[in-house]
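Visitor: Based on what follows, work out the 3D shape:
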Amino acid sequence: MKQFAVGIDLHGTLLNERWEIEECHVPVITGLIDDLEQRCDFYICTGNNLEFVDQYVNQQIRDRIKGYVLETGSVYSDKETQHVLVDEERIRKIKELEDKLRNTRLSDALFFAERLATISIFTKYREKGRSPNNLWERISEFVDKNGSSNLFNVTHSDVAVDIVTRGINKYTGLKRVGTSLQIISVADSFNDLEFLMHSAISYIPGNSTIMDKQRMFELPIEIQSISSFKGGLVQKRKVFYKSPFPYTKGLIDILETIKKSFD
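Guide: A predicted model of the protein is given here:
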């Protein structure tokens with residue numbers, strides 16, 4: 001009987017810093033998903049779009065994924081069609097904001113990615129470029145001065161700044177597609193914060209930068225070693241369980257921990 005929906009982030013989690021899944025890791029990941037399929041449904045939860053998932057995630061892994069939460073919770077895909085989860089008026093306003101940003105000189109910005117319901121401005125391409133943090137601060141100020149901060153949330157992954165409708169995130173996206181299962185999140189970045197905060201169990205790989213935001217915003221979370229996870233859902237304080245391994249290796253470590261918790 002299925003108990004959990006496992007949502008897996010792409011950049012900084014499933015994909016390494018070169019935006020790849022090394023071939024040696026593919027059979028390990030697919031084997032772990034197969035071992036867990038009786039207890040869990042698996043979803044990819046990303047700020048990217050359908051084209052990106054199809055391009056960068058191996059077919060063997062995609063075959064085992066139930067669906068994709070795209071554009072930081074704004075779009076859902078059954079792996080073939082896409083369903084926008086944002087109303088048309090909000091999309092119109094975010095496109096107006098995007099036009100203004102495109103006409104603004106943005107240092108560190110490499111390119112605007114194609115999006116249906118969000119804005120995504122990349123500062124890194126594979127290992128080239130810079131952290132999106134500085135651009136995130138500048139765009140946050142821009143959105144605030146534009147009078148749009150009550151409508152949109154400015155966040156970022158480890159490669160891009162994302163502007164998303166307030167109240168929408170990877171957690172709400174996964175809940176809105178109809179799953180009543182308990183959610184396990186595996187993710188690494190600031191744009192995963194709500195996803196991690198609201199999930200029943202939350203895991204982060206060793207490269208996660210979420211600790212920087214924990215200090216900045218004094219978030220009521222605790223980072224613990226993944227080795228301290230003993231199962232169970234009742235927590236006095238929100239805990240993110242951290243693998244010592246980064247990127248794809250961290251994900252494998254996390255999936256192995258989930259498997260052991262069911263043994």
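
Visitor: who does the worst-scoring helix or strand of the chain on mean pLDDT touch, helix- and strand-wise?
Guide: Lowest on mean pLDDT, DSSP states H and E among the helices and strands of the chain sits helix 210-217, with a mean of 76. Helix 210-217 sits against helix 193-198, strand 221-225, with contacts defined as 3 or more Cβ pairs under 8 Å, 6 or more residues apart in numbering; DSSP states H and E. Just so you know, the C-beta spots here come from the backbone N, C-alpha and C atoms, and that holds for glycine as well.

Visitor: what does the shortest one contact?
Guide: With Cβ atoms under 8 Å, 6 or more residues apart in numbering as the test, strand 221-225 has contacts from 196-197, 204, 210-211, 214, 237-242, 244.

Visitor: Could you list the paired strands of it along with their orientation?
Guide: strand 238-242 (parallel) (DSSP bridges).

Visitor: which parts of the partner strand are buried?
Guide: Across strand 238-242, burial judged by 16 or more other Cβ atoms under 10 Å covers Val239, Phe240, Tyr241, Lys242.

Visitor: tell me the two of these that are most distant?
Guide: Within these, two members stand farthest from each other by Cβ to Cβ: Val239 and Lys242, at 9.6 Å.

Visitor: Quick one: residues contacting Val239.
Guide: Val239 neighbours (Cβ under 8 Å, 6+ apart): Ser202, Ile221, Glu222, Ile223, Gln224.

Visitor: Apply 6 Å and report the result again.
Guide: Counting by Cβ atoms under 6 Å, 6 or more residues apart in numbering, Val239 touches Glu222, Gln224.

Visitor: What residues are recorded as beta-bridge partners of it?
Guide: Under the criterion used (DSSP bridges), Val239 bridges to Glu222.

Visitor: now swap in Tyr203 and tell me
Guide: Val186, Tyr241.

Visitor: Which helix or strand contains the closest residue in space to Leu106 that isn't next to it in sequence?
Guide: What sits nearest to Leu106 in space, not counting adjacent residues and going by Cβ to Cβ, 6 or more residues apart in numbering, is Leu135, at 6.4 Å. Using DSSP states H and E, the element containing Leu135 is helix 133-145.

Visitor: Check which element follows that helix along the chain.
Guide: strand 152-156.

Visitor: From the chain's centroid, how far away is that following strand?
Guide: 13 Å (Cα atoms, centre = their mean, to the nearest Å).
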